[in-house]
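> requesting a structural model of the entry that follows:
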Amino acid sequence: MKYYKISSVLLIVFVFTIGFKPVEVEHKKTIKTPKNVILLIGDGMGLTQVSSSFYFGNESSSFERFKQIGFIKTSSKSHLITDSAAGATAFSAGIKTYNGAIGVDQDALSVPLITHKAAQAKVVTGVISTSSITHATPASFFAHVKSRNMQEEIAAQLPGSEIDFFAGAGNDFFFKRKDNLDLGALFSENGFIVDTVSLQKPQNFNLDKKYGYLLAPKHMPKMSEGRGDFLSQATRLGVEYLSQNNQGFFLMVEGSQIDWGGHANDSEYIVEEVKDFSKVIGEVLDFAEKDGNTLVIVTADHETGGYTLASENGDYNKIKGSFSTGGHSATLIPVFAYGPGSESFQGIYENHAIYHKIIQLTNWGK
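The predicted structure is shown next:
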């Protein structure tokens, strides 16, 4: 009798266990959709260039404020080591293409850009650079040409593009052209007010108008040559204007000359340019923290110079920059993200995934 009772109890427990499995509750984190996206590209900025901002100068590094960090693989369709054109087109179009390509695929066919996708969603867009605005990185966000060297052709595409705000250099490609095309008239026809003298803020920014600043013949001066607060000021102007749009904005800001310091194997050049870029990052993060709806992404198209920070003459308390090449390298590139959706940028992935992550988070163009 005891055996029967024990067996019955065990049977009841078994049936209860099988029939009533405990419910596993999944806690899925809801990812908030960002209204605005600011993409900051430090051209040629690898991990060592970023590291330099922690060792030189008295100001703290803005990179320290990021909690979401990943890495991208940067090889292009044609080469293990990318150039800026293919690297930037990966960001702007979400594809791998050949070195030298601007907004075109491996067959040199035009592809939709993130600025086009944004405009479809009534989002306003801007590009800022310390190089010519026709240079590889900024050009990849508004132009489609088979070669980055076609700077007059790139310039001719800017007035009719979906860009609403731009600031940089490159006057010669717009107003001293071999074909004598009057791009000033073309800018006016497309609603642009273009300033070639200074970063003067208009009395009233009007979203019915577009604004452009072309402040040097080919590129802005180095920081060591007195460029001053250009990048910060241009970014503040761009954010102030673009943020008036209720549907949001996309802004690309490039610290172009970090790359040039790498090509020149000039450590001081790199350090000063990274410090300037870090300052801009800090100001953008301040805006994003206050706004609450802005996704900030900081990365680079590639590393330049094979730059490293090593001891000076064996003294481990002194650091100097050294180089392994005058060109680009194949090193992985860090990605820093802050704001709604920033957790999506963790991990290691291909460079063109940045475009797809932004599109997935914002739903622009869908």
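> next, count neighbours for the closest residue to residue 207 other than its chain neighbours.
Among residues not flanking residue 207 along the chain, residue 244 sits closest, at 5.5 Å (Cβ to Cβ, 6 or more residues apart in numbering). (Glycine included, C-beta is placed from N, CA and C.) Neighbour count of residue 244, defined by other Cβ atoms under 10 Å: 12.
> quick one: residue 244 and residue 205 touch, right?
Yes - counting by Cβ atoms under 8 Å, residue 244 touches residue 205, with 6.5 Å between them.
> where does the protein have low pLDDT?
Residues of the chain that meet the criterion pLDDT under 70 lie in 1-30.
> residue ranges for the helices of it, please.
2-19, 47-55, 84-93, 114-120, 136-139, 151-157, 171-175, 183-189, 230-242, 257-263, 267-291, 353-362 (DSSP state H).
> I'd like these as TSV, with distance to residue 71 and mean neighbour count appended.
Shown next, in TSV, are the helices of the chain (distance: least, Cβ to Cβ, whole Å; neighbours: other Cβ atoms under 10 Å):
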stretch	distance to residue 71	mean neighbour count
helix 2-19	46	9
helix 47-55	9	20
helix 84-93	14	29
helix 114-120	21	22
helix 136-139	19	30
helix 151-157	30	21
helix 171-175	34	20
helix 183-189	40	14
helix 230-242	25	22
helix 257-263	18	27
helix 267-291	18	21
helix 353-362	11	20
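> closest one to residue 64 among those?
helix 47-55 (7.5 Å; Cβ to Cβ).
> using CSV, list the CA coordinates for that closest one.
Provided in CSV are the C-alpha atoms of helix 47-55 (Å, rounded to 0.1, in the frame of the first residue of the first chain):
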residue,chain,number,x,y,z
LEU,A,47,43.5,53.5,-32.4
THR,A,48,46.9,55.1,-31.9
GLN,A,49,45.7,58.4,-33.2
VAL,A,50,42.8,58.2,-30.8
SER,A,51,45.2,57.2,-28.0
SER,A,52,47.3,60.3,-28.6
SER,A,53,44.4,62.4,-27.3
PHE,A,54,45.0,60.8,-23.9
TYR,A,55,48.7,61.7,-23.7
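> name the helices or strands packed onto that helix?
helix 267-291, strand 303-304, strand 308-312, strand 315-322, strand 333-338 (3 or more Cβ pairs under 8 Å, 6 or more residues apart in numbering; DSSP states H and E).
> distance from the third one to the middle of the chain?
The gap between the average C-alpha position of strand 308-312 and the chain average comes to 28 Å, counting by Cα atoms, centre = their mean, to the nearest Å.
> ok, the fourth one next?
Using Cα atoms, centre = their mean, the distance from the centre of strand 315-322 to the centre of the chain it belongs to is 30 Å.
> thinking again about what came up before, mind putting the helices of the chain into JSON lines with distance to residue 221?
Shown next, in JSON lines, are these (distance: least, Cβ to Cβ, whole Å):
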{"stretch": "helix 2-19", "distance to residue 221": "76"}
{"stretch": "helix 47-55", "distance to residue 221": "20"}
{"stretch": "helix 84-93", "distance to residue 221": "20"}
{"stretch": "helix 114-120", "distance to residue 221": "27"}
{"stretch": "helix 136-139", "distance to residue 221": "17"}
{"stretch": "helix 151-157", "distance to residue 221": "19"}
{"stretch": "helix 171-175", "distance to residue 221": "14"}
{"stretch": "helix 183-189", "distance to residue 221": "23"}
{"stretch": "helix 230-242", "distance to residue 221": "9"}
{"stretch": "helix 257-263", "distance to residue 221": "9"}
{"stretch": "helix 267-291", "distance to residue 221": "11"}
{"stretch": "helix 353-362", "distance to residue 221": "30"}
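> quick one: which of those helices is nearest residue 163?
helix 114-120 (6.4 Å).
> contacts for the closest one next, please.
91-94, 124-125, 141-142, 161-163, 249-250, 355, 358-359, 362, 364-365 (Cβ atoms under 8 Å, 6 or more residues apart in numbering).
> which among the helices of the chain is found nearest to residue 218?
helix 171-175 (5.9 Å).
> residue contacts, residue 112?
93, 365.
> same question for residue 47.
Contacts of residue 47 (Cβ under 8 Å, 6+ apart): 303, 331, 332, 333, 334.
> from residue 262, how far out is the first one?
When Cβ to Cβ, to the nearest Å is applied, the distance between residue 303 and residue 262 equals 7 Å.
> same thing with the last one?
Distance of residue 334 to residue 262, given as Cβ to Cβ: 16 Å.
> before we move on, the earlier item: what do residue 303 and residue 262 both touch?
Common neighbours of residue 303 and residue 262 (Cβ under 8 Å, 6+ apart) are 44, 49.
> and stretch 102-114, C-alpha only, in CSV?
Extracted C-alpha coordinates of stretch 102-114, given in CSV (Å, rounded to 0.1, in the frame of the first residue of the first chain):
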residue,chain,number,x,y,z
ILE,A,102,32.8,58.0,-55.1
GLY,A,103,29.1,57.0,-54.6
VAL,A,104,29.4,54.3,-57.3
ASP,A,105,29.6,50.5,-57.1
GLN,A,106,32.3,48.2,-58.5
ASP,A,107,30.9,48.7,-62.0
ALA,A,108,31.0,52.5,-61.6
LEU,A,109,27.2,52.7,-61.5
SER,A,110,25.6,55.3,-59.2
VAL,A,111,24.1,53.9,-55.9
PRO,A,112,21.6,55.6,-53.5
LEU,A,113,23.3,57.5,-50.7
ILE,A,114,22.3,57.9,-47.1
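> done for today, thanks.
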